[in-house]
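J.: for reference, the sequence and a predicted model appear below.
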Amino acid sequence: MGAIVTDEGSKPEILSRIAQTTSAITKLKLIWKDRNITLRSKIRLMRSLVTSIFLYACESWTLTADIERRIQAVEMRCFRRLLNISYRDHISNQEVRNRIGQAIGPYDDLLTIVKKRKLRWYGHVTRSTGLAKTILQGTVPGGRRRGRQRKRWEDNIPEWTGLKLPDALRDAEDRKKWREVVGRASVAPLRSTRLRDR
C-alpha cells in the first residue's frame, strides 16, 4: 500500500493517503451518480473501496490540530461527492452529516475511527511482549532539542483519554478496562477549519 515513513512525522503519509483517497473516490463517480443504487449501499461501497485506503496504517500516525482538520475535510469531500452536493450549493457540513446519519443511523466519523484504532493498538501492544512493546516503551539516551517540541506519537494518548501516560499504561494492561477507556475517549470533537498547524 506504499506507506511513507520519514523523520518529518505523519504529515507526508497522511497527505499521500488523502491524495489516494481523492483519486479513488473520483474514479468511482459513475457509481455515486447512479440513481439505481441506494445511498446506504453507496456508503457501504465508499467504506470498503475508499475509506479503507485512507485508514491503512493509521495506528502509526501522530495527530496534530492541522492533521485532524484535514481528516475531517477529506471525509466531508467524500460525503459531498457521494451525495452529489457541490460547494456552491451552500449546504453546511452539519446538514451533510445529518443526511448520512438518516441513511445509516448513528456512525463514527473518520477522525473517531482513527482515534479508536490508535488507542486499540496502544492497548494491544501494551499487553504484548514483543519488539513493538520494547520500541513503544523504550527510551534512548540524550536530551530533546531546544524550543517547542515536536508532538510525539504517545502524546495523543493522554490527550484523548484524560489519563497520564503511567495511568494509561496501567489501564491498558486490563483488556476490559481499556475497552471502556477507548469507548469514552474516542468521541472526536469537530475541529474548526481555522485551526492552524501545531
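T.: Great, that's in hand.
J.: how's this structure carved up into domains?
T.: 11-107, 113-138+150-185 (automatic domain parsing).
J.: make JSON lines out of those and add mean neighbour count and mean pLDDT.
T.: C-betas here are computed from N, CA, C, even on glycine. Shown next, in JSON lines, are these (neighbours: other CB atoms under 10 Å; pLDDT from 0 to 100):
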{"stretch": "domain 11-107", "mean neighbour count": "15", "mean pLDDT": "92"}
{"stretch": "domain 113-138+150-185", "mean neighbour count": "16", "mean pLDDT": "88"}
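J.: helices of this structure, start to end?
T.: Using DSSP state H, the helices of the chain run over 11-27, 29-33, 39-46, 52-55, 65-82, 93-104, 110-127, 131-137, 156-161, 165-172, 175-185.
J.: need these in JSON lines with distance to residue 149, can you?
T.: Formatted as JSON lines, those follow (distance: least, CB to CB, whole Å):
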{"stretch": "helix 11-27", "distance to residue 149": "16"}
{"stretch": "helix 29-33", "distance to residue 149": "43"}
{"stretch": "helix 39-46", "distance to residue 149": "37"}
{"stretch": "helix 52-55", "distance to residue 149": "28"}
{"stretch": "helix 65-82", "distance to residue 149": "15"}
{"stretch": "helix 93-104", "distance to residue 149": "32"}
{"stretch": "helix 110-127", "distance to residue 149": "20"}
{"stretch": "helix 131-137", "distance to residue 149": "18"}
{"stretch": "helix 156-161", "distance to residue 149": "14"}
{"stretch": "helix 165-172", "distance to residue 149": "15"}
{"stretch": "helix 175-185", "distance to residue 149": "23"}
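J.: so which of the ones you listed gets nearest residue 150?
T.: Among those, helix 11-27 comes nearest to residue 150, with 10.9 Å by CB to CB.
J.: counting by contacts, list what the closest one packs against.
T.: Judged by 3 or more CB pairs under 8 Å, 6 or more residues apart in numbering; DSSP states H and E, the packing partners of helix 11-27 are helix 52-55, helix 65-82.
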